[in-house]
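Engineer: Give me a 3D structure for the following:
(one chain, ligands or ions: 1)
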Amino acid sequence: MARLQQITASNLSVGGLEPFSLCDWPDRIVATLFLQGCPWRCPYCHNPSLLDAAAKTDFSFDAILGFLESRRGLLDGVVFSGGEPTLQKALLPAMEAVRAMGFKVGLHSGGVYPERLRDALALADWIGLDIKAPTHAYDRMTGTPQSAAHAFESLDYVLESGIDYEVRTTVHERLLSEADIEMLRRQLAARGVTNWKRQTYRTTGVDTERMNRALKDRESTMTA
Ligand code: SF4
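Structural biologist: Numbers count the residues shown, from 1 in each chain. Reported below is the predicted structural model:
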C-alpha cells in the first residue's frame, strides 16, 4: 500500500534568505526567509524568481535552522515572506520550529489562501498583509480572477485574530488611480483597519514585459 508522505519543516522550499533585516517587520531586527511559489501574477512583483513553486533552490531549511541557532540573542524574530508563504504546507511546522527556538514569528502574505492564513495566524506574532486594490480593481493587480474575495476574507481573519498587523498597498500611479485609492481607504475603514501603509512602487526585479502588458491593458480599458 502506498504511504502518504508526511510534510515536515524540512520540506519547506526557501528561495532566498536575508540574514539581517531592519525593514521587514517594523521596529524588529529579523532574518527573513523568502518562500518559493505564488499563484498570482502581480505586474509589480519584484521577486518573480520566487513564483514557480516547483523551482529548485539552493537553500535547505535545516541549514537555515543551524544558521538561526547562531543568531539566538541577536535577532528579535524571523519573518516568513515570499512568494506566498501560505502556499506551502510545510509553513506551519517551519513556524513551529522557529518559535521553539525562542524567536518571534512574522509573516508576509497576500491573503491568497484565507483558511491556511487563518491557521498560520495562530503561530504568528505579527503579519504584514498586502491588500492590493479596492475590490473592483483587484484582478488587474493580481492577474488572477476572483482574487479580491480571497484577499478580503484573509483580511477579516487577520482582524478577527487580534494579531498585531500592518496592511500594505503598493501604489503604481498608472495602475491605481486616486479614485481607486480613496475607494480602498473606505473599504479598509469599513472593515476596521487602523494600520494601513501605502508603499511606493519599486522597479527593482520587476518583470518589465508583464508590467508593460498590464499598463497597456489598463490604458485600453480607460480609453474604451
Ligand atoms: S502576490 Fe506577491 S509574490 Fe505573488 S505575484 Fe503578487 S507580489 Fe509577487
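
Engineer: how about R210, what does it touch?
Structural biologist: With contact set as Cβ atoms under 8 Å, 6 or more residues apart in numbering, R210 has these partners: 41, 43, 45, 48, 143. In this view, the C-beta of every residue, glycine as well, is placed from N, C-alpha and C.

Engineer: Determine whether any part of the helix or strand where it lies lies close to the ligand.
Structural biologist: Under the criterion DSSP states H and E, the helix or strand holding R210 is helix 208-223. No: using Cβ under 6 Å from any ligand atom, helix 208-223 stays clear of the ligand, coming no nearer than 9.4 Å.

Engineer: Which positions in this structure make contact with the ligand?
Structural biologist: Residues of the chain lying near the ligand by Cβ under 6 Å from any ligand atom: 38, 40-42, 45, 47, 82-84, 110.

Engineer: Could you point out which residue ranges in this structure have low pLDDT?
Structural biologist: 1-4, 223-224 (pLDDT under 70).

Engineer: Identify the bridge partners of the most centrally placed residue in it.
Structural biologist: Nearest to the geometric centre of the chain sits S109, at 2.6 Å (Cα atoms, centre = their mean). Counting by DSSP bridges, S109 is bridged to L129.

Engineer: Surely it is in contact with I131?
Structural biologist: No: in terms of Cβ atoms under 8 Å, S109 does not count as a neighbour of I131; the distance is 10.5 Å.

Engineer: Would you mind measuring from the closest residue in space to A122 that isn't next to it in sequence to G111?
Structural biologist: Once flanking residues are discounted, A122 sits nearest to S161: 7.8 Å by Cβ to Cβ, 6 or more residues apart in numbering. Note on S161: its distance to G111, by Cβ to Cβ, to the nearest Å, is 13 Å.

Engineer: higher neighbour count, these two?
Structural biologist: Using other Cβ atoms under 10 Å as the criterion, S161 and G111 rank with G111 on top: 27 against 15.

Engineer: Can you list phi and psi of that one for me?
Structural biologist: Main-chain dihedrals, G111, degrees, to the nearest 10: phi 70, psi 30.

Engineer: Is it correct that it is in contact with A149?
Structural biologist: No: judged on Cβ under 8 Å, G111 makes no contact with A149 at a distance of 9.9 Å.

Engineer: List the residues that contact the closest residue to R116 other than its chain neighbours.
Structural biologist: In space, R116 comes closest to T86 once its chain neighbours are excluded; the distance is 4.1 Å by Cβ to Cβ, 6+ apart. T86 makes contacts with 109, 112-113, 116-117, 120, as judged by Cβ under 8 Å, 6+ apart.

Engineer: Thank you, goodbye.
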